[in-house]
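1. Predicted model and sequence follow; I will ask about them next.
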Amino acid sequence: MSPSVADHAQLQLRGNPADAPWIIQKFGGTSLGKFAQGIAEEIVKPGTHHHRIAIVCSALSTGTKAEGTTSRLLRAAKAAVKPPSTEHEEIVAALSRDHIAAGETLIRDAALLEGYKASVEAECARARSFLCAARVLDEISPKTRDIIIGAGEKLSCLFMTTLLQDRGVKAEYVNLENIIHPASTSGTVTQAFYDDVAVAVAERVLECEDRVPVVTGFFGTVPGSLLAAVGRGYTDLCAALLAVGIKAQELQVWKEVDGIFTADPRKVPQAALIPVITPEETAELTYWGAEVIHPFTMEQVIAAKIPIRVKNVTNPGGHGTVIFPADQEPLEGRVPGTPNGLKPSGKRPTAVTTKADITIINVHSNRKNVSHGFLAGIFSTLDFHQLVVDLISTSEVHVSMALHTDTSARQTAVQLAAKELERWGTVDISRGLSIVAVVGRHMKRMVGVAGRMFQTLADASVNIEMISQGANEINISCVVKEKDALKAMTILHTTLFLYSEVEI
Ligand SMILES: Nc1ncnc2c1ncn2[C@@H]1O[C@H](COP(=O)(O)OP(=O)(O)O)[C@@H](O)[C@H]1O
Ligand SMILES: N[C@@H](CC(=O)OP(=O)(O)O)C(=O)O
């Protein structure tokens, strides 16, 4: 029997080449919202020439993450249990409209478009039914909230699957909503749990055969809840688990920057792209404000000796930044595209970064208490208020702590904690501060970085409120007034990154 027109069209589609190495590509919400066409035509499709590609998608955002689908679904979940608000219904209707509009703009094939629209409507109807159930029950469990936010990744993957098919790629929608067995969703999140998820996700992806898997970065209701256990940015972790389970050659995290820079390129135009960086340095940078990658992601992938490459959706030909330990060989041969191997030259700090919304709490002991209970008492108070200390500097009778107070809840918690801390002595609070951190693995063997850092800030009349060096010796941080942070970062970048240091 000769193939039908539809079969013929299917035969023309490009799929994954048999037995080629796997590359996992993770796309964030804003990249998908703004560059879906480029991702399909210039990244995924050409990727299948030499590799098997699986893509992991986050939920669409057209502007900032705060206005994106996940944030809107979280708002809907809140509104559902706050009658008489009908905001949840309006949000779901708007999400349906937005996803259908995205499809109408880019999907050319009428039949594919119709099928896509029906799937969007079905998915939105399902989200609506969970929200209505929450309204009736007058409560929303963490698991229900997980299911509701998961609709975001399902919608974006339905969109990307159809778009890829429309552009001649054999693609398969892979919904991981039920990938975790219900029996394992009680208890706590352990490494063994992540190992099981990695295996299950890889098995599901292998079922796609030559079709390019389009995988929901949402991977089901994890023990406790996804938001509590992993937090926002969980699609990075999902991509990491897939890369580990399938033994990928590389995990690519696609951003709207060329990779990791010596400073935030939006703020410091002279910042340079870092070709290779270690996971420890990346973790420090991420912690101090460079929003590059979810920290758990690195742990999982690096333990499996798989390099991570950060690349730019608007510059697919760029080398990007490879994250890999300096002293290891990757699982699958050399890291492709790193001419100097994994050991970049130059004995300078790697990067400088800042973190805003910092508050310092100073506690001066009244010496009426024995010093051994002093620190324990302070930390139990902070723990009670769920406050995390970013930096600490201490003597026997004086403690300064820098805390991230980016939400009004945290600001209130600091206020309450400070009141309670008065039992230990005099307490004062300084607000409106930023952390400035210099990070680099070579700093362990360099003399003079700290000296030059503080001299540079003094020369620029930047007042330093607090100083701290990380125990791993690859970061030196200080706290400055928020209004001085950009000046501090720029001047440190210019001074510390221009001169080589003396190695000891
Ligand atoms: N050292 C750094 N290198 C690269 N990006 C950085 C750095 N510090 C801060 N950033 C910022 O992190 C963001 C990461 O890229 P983006 O694609 O916008 O993130 P996401 O996909 O997580 O929304 C960029 O906006 C960039 O300005
Ligand atoms: N969509 C989810 C998960 C995620 O990973 O997001 P992104 O990849 O866009 O940072 C969120 O907004 O938290």
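-> Nice, I can see it. Numbering: from 1, shown residues only. Ligands and ions are numbered 1, 2, ... in the order given.
2. Beyond the lengthiest helix in the chain, next helix or strand please.
-> Identified as the longest helix of the chain according to DSSP state H is helix 110-137. For helix 110-137, the following helix or strand on the C-terminal side (DSSP states H and E) is helix 142-166.
3. That following helix packs against which elements?
-> helix 29-38, strand 52-57, helix 69-80, helix 87-106, helix 110-137, strand 171-174, strand 212-216, helix 226-229 (3 or more C-beta pairs under 8 Å, 6 or more residues apart in numbering; DSSP states H and E). Where you see a C-beta, it was placed from the backbone N, CA and C, and this is true even at glycine.
4. Could you break the chain into its assigned domains?
-> 22-256, 351-499 (the TED database).
5. Tell me which of those is the most buried.
-> For these, the largest average neighbour count (mean count of other C-beta atoms under 10 Å) is found in domain 22-256, namely a mean of 20.
6. how far is that one from where the chain is centred?
-> On the basis of C-alpha atoms, centre = their mean, to the nearest Å, domain 22-256 sits 15 Å off its chain's mean C-alpha point.
7. returning to what we had before: mind putting the helices and strands packed on helix 142-166 into JSON lines with distance to ligand 2 and mean pLDDT?
-> Shown next, in JSON lines, are the helices and strands packed on helix 142-166 (distance: least, C-beta to the nearest ligand atom, whole Å; pLDDT from 0 to 100):
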{"stretch": "helix 29-38", "distance to ligand 2": "3", "mean pLDDT": "96"}
{"stretch": "strand 52-57", "distance to ligand 2": "8", "mean pLDDT": "98"}
{"stretch": "helix 69-80", "distance to ligand 2": "3", "mean pLDDT": "96"}
{"stretch": "helix 87-106", "distance to ligand 2": "13", "mean pLDDT": "97"}
{"stretch": "helix 110-137", "distance to ligand 2": "14", "mean pLDDT": "97"}
{"stretch": "strand 171-174", "distance to ligand 2": "16", "mean pLDDT": "98"}
{"stretch": "strand 212-216", "distance to ligand 2": "10", "mean pLDDT": "98"}
{"stretch": "helix 226-229", "distance to ligand 2": "8", "mean pLDDT": "89"}
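8. looking at these, which is closest to residue 350?
-> Among the helices and strands packed on helix 142-166, the nearest to residue 350 by C-beta to C-beta is helix 29-38 (24.8 Å).
9. Can you pull out the residues in contact with the closest one?
-> Identification of contacts with helix 29-38 by C-beta atoms under 8 Å, 6 or more residues apart in numbering yields 39, 57-65, 68-70, 102, 106, 152, 156, 159-160, 163, 254-256, 313-314, 316.
10. what about the strands in the stretch 301-450 of the chain?
-> For the stretch 301-450 of the chain, the strands defined by DSSP state E, counting those that start in this stretch occupy 308-312, 321-323, 351-365, 389-394, 398-404, 425-439, 446-447.
11. So which of those is nearest residue 212?
-> Closest to residue 212 of the strands of the stretch 301-450 of the chain is strand 308-312 (C-beta to C-beta; 17.6 Å).
12. Report pLDDT for the residue nearest to residue 426 when sequence neighbours are not counted.
-> Counting by C-beta to C-beta, 6 or more residues apart in numbering, residue 364 is the residue found nearest to residue 426 once chain neighbours are left out, at 4.6 Å. Predicted confidence (pLDDT) for residue 364: 91.
13. correct me, but residue 364 touches residue 422?
-> No - Residue 364 lies out of contact with residue 422 (C-beta atoms under 8 Å); the separation is 10.7 Å.
14. returning to what we had before: would you turn the domains of the chain into CSV with distance to ligand 1?
-> CSV is the format used below for the domains of the chain (distance: least, C-beta to the nearest ligand atom, whole Å):
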stretch, distance to ligand 1
domain 22-256, 3
domain 351-499, 5
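15. need the contact list for the nearest residue to residue 296 once chain neighbours are set aside.
-> Nearest non-adjacent residue to residue 296, counting by C-beta to C-beta, 6+ apart: residue 237, 5.0 Å away. Residue 237 makes contact with 230, 294, 296-297, 300, according to C-beta under 8 Å, 6+ apart.
16. in stretch 307-315, what's buried?
-> 307-313 (16 or more other C-beta atoms under 10 Å).
17. Can you lay out those as JSON lines showing pLDDT and distance to residue 134?
-> Listed next are the buried residues of stretch 307-315 as JSON lines, based on pLDDT from 0 to 100; distance: C-beta to C-beta, whole Å:
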{"residue": "307", "pLDDT": "94", "distance to residue 134": "42"}
{"residue": "308", "pLDDT": "94", "distance to residue 134": "37"}
{"residue": "309", "pLDDT": "96", "distance to residue 134": "40"}
{"residue": "310", "pLDDT": "95", "distance to residue 134": "38"}
{"residue": "311", "pLDDT": "96", "distance to residue 134": "39"}
{"residue": "312", "pLDDT": "97", "distance to residue 134": "39"}
{"residue": "313", "pLDDT": "98", "distance to residue 134": "35"}
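18. With secondary structure and pLDDT as extra columns, can I get the contacts of residue 237 in CSV?
-> Compiled in CSV, the contacts of residue 237 are given as follows (DSSP: H, G, I helix; E, B strand; the rest coil; pLDDT from 0 to 100):
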residue, secondary structure, pLDDT
230, coil, 89
294, coil, 77
296, helix, 79
297, helix, 85
300, helix, 91
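19. Just the buried residues of these.
-> For the contacts of residue 237, a neighbour count by 16+ other C-beta under 10 Å gives the buried set as 230, 294, 296-297, 300.
20. if we take these, which one ends up nearest to ligand 1?
-> Closest approach between the buried ones among the contacts of residue 237 and ligand 1, by C-beta to the nearest ligand atom: residue 294, at 9.0 Å.
21. That closest one: what's it in contact with?
-> Contacts of residue 294 (C-beta under 8 Å, 6+ apart): 230-231, 233-234, 236-237, 286.
22. now residue 273
-> 258-261, 319, 321.
23. Would you mind writing the PyMOL command to select the buried ones in these?
-> Typed into PyMOL, the line below selects the buried ones among the contacts of residue 273, using 16+ other C-beta under 10 Å:
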select buried, resi 258+259+260+261+319+321
